[in-house]
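Enquirer: quick one: sequence plus predicted model below, questions after.
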Amino acid sequence: MSNLLIRRPQQSDLRALTAIYNHYVETTAITFDLEPKTPEQRQGWLEGFAPTGRHQCFVAEMDGEAIGWASTGKFREKAAYDSTVETSIYLKPGLSGQGIGRRLFETLFAALASEDVHSAIGVITLPNAPSVKLHEAFGFALAGTLRESGRKFGRLWDIGMYQKVF
């Protein structure tokens, strides 16, 4: 992993990041989106990140290619939730378990250390042992399970709400 670079996202990453996301949309219940997105549909998502503040994103790049990201976004719309963020992390298929997610989370949480963030929520479709393991390694604990909360691929899925308090 010596050629792994963790950096801020760039406009030129949008196609690769969209393709990664669409893999999970089309083949897994990890996201509850049901239809693939176009890069144009994901443009607003990319533009929603800033170098400071609560909503940040970091991209993993290897050999000049964006291979994943970790980000934070708004947890809920009401203003009282502003100091809580929701985390997301996605890697190109076949790259989990190699320490890339760990590097992304390390960078993301270091950037959030000086921001007004009190807690982070990871919403994990269950079962997903690799994601649970990664989140727990960073101090997330299961705050609750919402049973049969999303319907995808003809079945109902549970979600685990994992929380890290800073």
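Expert: Thanks, I have the structure now.
Enquirer: drop to CA atoms for contacts and neighbour counts, all remaining ones
Expert: Fine.
Enquirer: which residues of this protein fall in strands?
Expert: Counting by DSSP state E, the chain has these strands, from start to end: 4-7, 57-62, 65-74, 84-91, 119-126, 141-152, 155-165.
Enquirer: burial measure for residue 116, as a count.
Expert: 13 (other CA atoms under 10 Å).
Enquirer: contact partners for it?
Expert: Under the criterion of CA atoms under 8 Å, 6 or more residues apart in numbering, the neighbours of residue 116 are 53, 54, 83.
Enquirer: how about JSON lines for those, with distance to residue 32 added?
Expert: As requested, these are arranged in JSON lines below (distance: CA to CA, whole Å):
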{"residue": "53", "distance to residue 32": "27"}
{"residue": "54", "distance to residue 32": "23"}
{"residue": "83", "distance to residue 32": "24"}
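Enquirer: follow-up on the earlier one: the strands of the chain: which one's closest to residue 30?
Expert: strand 119-126 (5.5 Å; CA to CA).
Enquirer: pLDDT of the closest one, averaged?
Expert: In this model, strand 119-126 carries a mean pLDDT of 98.
Enquirer: what pairs with that strand, and is each one parallel or antiparallel?
Expert: According to DSSP bridges, strand 119-126 has the following sheet partners: strand 84-91 (parallel), strand 155-165 (antiparallel).
Enquirer: return the most buried member of the ones you listed.
Expert: Neighbour counts (mean count of other CA atoms under 10 Å) averaged over each of those peak at strand 84-91, with a mean of 21.
Enquirer: what is the orientation angle of that strand with strand 57-62?
Expert: 10 degrees (axes from the mean of the first three to the mean of the last three CA atoms, to 10 degrees).
Enquirer: what residues does strand 84-91 touch?
Expert: 20-21, 54-55, 67-75, 101, 117-123.
Enquirer: do stretch 138-146 as well
Expert: 105, 122, 135, 158, 159, 160, 161, 162, 163, 164, 165.
Enquirer: next one: it to chain centre, how far?
Expert: A distance of 15 Å separates the centroid of the chain from that of stretch 138-146, by CA atoms, centre = their mean, to the nearest Å.
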